[in-house]
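1. Build me a model from this:
(2 chains)
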Amino acid sequence: MKRIAVLTSGGDAPGMNAAIRSVVRVGFVKGLEVIGVFEGYKGLVDKDFKQLFPRDVSGLLEEGGTFLLTSRPEEFKEDVVQFKAIENLKRERIEALIVIGGNGSQTGSLSLFKKGFPVIGVASTIDNDLWGIDYTIGFDTAVNTAIEAIDKIRDTATSHSRTFIVEVMGRDRGFLALEAGLASGADIVLVPEMKFDPLKIIENIKSGLEKKKRHHMIVTAEGAIHARDLQSVIQSYLPTLDVKYSVLGYIERGGAPTRFDRIIATFFGADAVSSLVNNDFGFVIGIHENHLVHIPLEDAVTRYKEINLELYKIIEEVSV
Amino acid sequence: MKIGILTGGGDCPGLNPAIRSVVYRASDYGDEVIGFEEGWKGLIEDKKRPLTIKDVEEIINYGGTILYTSRTNPFKEEKGPEKVVETLKKNNVDALIAIGGDDTLSVALKLHKMGVKVVGVPKTMDNDLSETDYTFGFFTSVEVAVDALNRLRDTARSHKRIIVLEVMGREAGWVALYTGIAGGADWILIPEEKPDYDKMCAHLKKKFDEKGYALVVVSEGIEIPLEATTEVDEFGHTLLQKRGVHEYVANVISQKLGISTRSAIIGHIQRGGPPTVFDRILATMVGVKAVDMLHEGDFGKMVALSGNRAIAIPLERAVQKQKLVDEEWIKFMRIFEK
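-> Modelled structure (predicted):
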């Protein structure tokens, strides 16, 4: 292996830059040429390539986002486009590709791999939704950002004796909502994986009021129910209750990566390069039970990662 | 002297340091302090608790208010003012310190005219009180907004997008102005200026072509057509959260330019969190001054910051007119639209 490429794809996640930096520098140490592909799969089709050297990635460790830019091109789902991408890679004498991204991006990796091109995925998404992997790059930072925001909102909720709904990202999955909710002392957490039960929420609030709780904090994933809609639901049952909401939205995505995300990003990136040097590919690199793992691409994107019901249970217990 | 104290209106970082400071200064005079809970509601319903140094010594770093707050306006409640006076009398309160924004201070002024010995301490994140240079809460809230803008920059740059951030401020554009300047936004929309969307979009297009993304800060109070709601609170303020200003502006940009545009709103995050150093010092200064004013008989007045000194000014003047972003500031803002 002489020449490899790296790209970031899908939603940006803090720590992507740290992973790119690791790939570029470890690649250099191991005598590889590392080509950066700009704007994810779009750059693969448009041949937006540039060779990267160790000094090109200076100062990136602490930067959120991705300096290689990213995209989610719909057209990349088509076979002909994927073949064109492979052709572009081969024409550039690129022998393998490292894809830093989440579920959608690794689905793209799988397609290229199935068409015979050597690909390694690096797990990076604030959704944390890759099967077989406990934590993906960016998730820890996003949870911490959400916690910081919820802590601020709690000051207001207590001061005004309010019920507060905080909507966090998570269209299909509730990993972020669950951990952010648990870590910020939410009374109720709503995730898309569980049935929405308004009566249970109302009961919870009522019993809290009886116990003289000063405020109620509800964390909801956008895919469970939107904060605005939940506000209406709660107020239809409890019209006099002061209910406010806040949508964290895009603010959760950015920011400097936490120590955890920097460390796993650096390890994942280095491991991706070492694996390619050993002619090993076709998997996503992640962390499971505190060890680096290689999850076959097919498993990582097609198998369903269950949410941790233990977390759900303990949220109910500690919000007594 | 027995001093009553309350916090009214929206909470903001600095209220706790101010309460703490009042209690500390009061002890110099041998005064007793009694805290009324949930703003004016506590004075209508006689909800209170004594405050000693022990109660407040560790609260300087907390956001929110340990006395809680509400938007209750006694002049809108039946026999409200009478009940307030009665509660003060019942608790042998000699004088009152009311910490709050323009609404709370207006109530304080009316009570003063009824003979209540009261001093106001201004608080507002919006920085829209005239006669004072700054109020505590403002800089903490701008800090939070700038932090959010920095995060949005990561995503805007990574996805080649324009991102619009909506910040609080009601009719005053101070929060948006300071956030935009300190956070390096490409365009700032404030309520004091009629939005020129053509000019804004032309500039955003230029910046987008140059660096691959652009950031806009918009104040919640700007004029947008077809207001989504006319809901108002007890003081007659439109409930701004429901208007969706950020979505509207993002729509205008993506329609005019065809560039992928997203938006976010800071909302209530801006209200909480530990006060910054400036807000802690300012809150502590005005708390001390408020107690001194009670002893000097400076009733019906408010503590203001003038340069680096806390001074007393008549409440009447403070609540007369809102402090808005003026021409000079707008010219200053223009320097960075390049």
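2. Tell me the residues on the stretch 1-150 of chain A that lie near chain B, please.
-> By C-beta under 8 Å from any C-beta of the partner chain, the residues of the stretch 1-150 of chain A that approach chain B are A:8, A:12, A:14, A:16, A:39, A:63-66, A:69-71, A:145, A:149. Glycine gets a C-beta too; all of them are placed from N, C-alpha and C.
3. what do you get if the cut-off is 6 Å, keeping everything else the same?
-> A:Asp12, A:Gly64, A:Gly65, A:Thr66, A:Leu69, A:Thr70, A:Ala149 (C-beta under 6 Å from any C-beta of the partner chain).
4. From the residues you listed, which land in helices?
-> Taking DSSP state H as the definition of helices, the residues of the stretch 1-150 of chain A next to chain B contribute A:Ala149.
5. In the chain, mark out all the helices, start to finish.
-> As the question left the chain open, I've gone with chain A. So, for chain A - with DSSP H - the helices run A:16-29, A:40-46, A:79-91, A:103-114, A:139-160, A:175-183, A:198-210, A:227-237, A:259-277, A:297-302, A:309-318.
6. right idea, wrong chain: chain B
-> B:15-29, B:40-45, B:53-56, B:80-90, B:102-113, B:138-159, B:174-183, B:197-211, B:245-257, B:277-296, B:315-320, B:327-334.
7. Now the last one: buried residues?
-> Same thing as helix B:327-334. By 16 or more other C-beta atoms under 10 Å in any protein chain shown, the buried positions in helix B:327-334 come out as B:Trp329, B:Met333.
8. same check, this time on the fifth one
-> By neighbour count with 16+ other C-beta under 10 Å, helix B:102-113 contains the buried residues B:Asp102, B:Asp103, B:Thr104, B:Leu105, B:Ser106, B:Val107, B:Ala108, B:Leu109, B:Lys110, B:Leu111, B:His112.
9. cool, and the first one?
-> Neighbour counts using 16+ other C-beta under 10 Å place B:Leu15, B:Asn16, B:Pro17, B:Ala18, B:Ile19, B:Arg20, B:Ser21, B:Val22, B:Val23, B:Tyr24, B:Arg25, B:Ala26 of helix B:15-29 among the buried residues.
10. got the angle for that helix vs helix A:139-160?
-> 50 degrees (axes from the mean of the first three to the mean of the last three C-alpha atoms, to 10 degrees).
11. List the residues that contact the closest residue to B:Ile60 other than its chain neighbours.
-> Closest residue to B:Ile60 apart from its sequence neighbours, by C-beta to C-beta, 6 or more residues apart in numbering or on different chains: B:Pro17 at 4.9 Å. Contacts of B:Pro17 were listed using C-beta atoms under 6 Å, 6 or more residues apart in numbering or on different chains, and they are B:Ile60, B:Arg280, B:Ala283, B:Thr284.
12. Now with 10 Å, please.
-> B:56, B:59-62, B:136, B:274-275, B:279-287 (C-beta atoms under 10 Å, 6 or more residues apart in numbering or on different chains).
13. same deal with A:Gly181?
-> A:143, A:146-147, A:150, A:166, A:168, A:174, A:187-191, A:217-221, A:311-312, A:315, A:319.
14. again, but for B:Met200
-> Contacts of B:Met200 by C-beta under 10 Å, 6+ apart are B:Asp186, B:Trp187, B:Ile188, B:Leu189, B:Ala214, B:Val216, B:Val249, B:Val252, B:Ile253, B:Lys256, B:Glu337.
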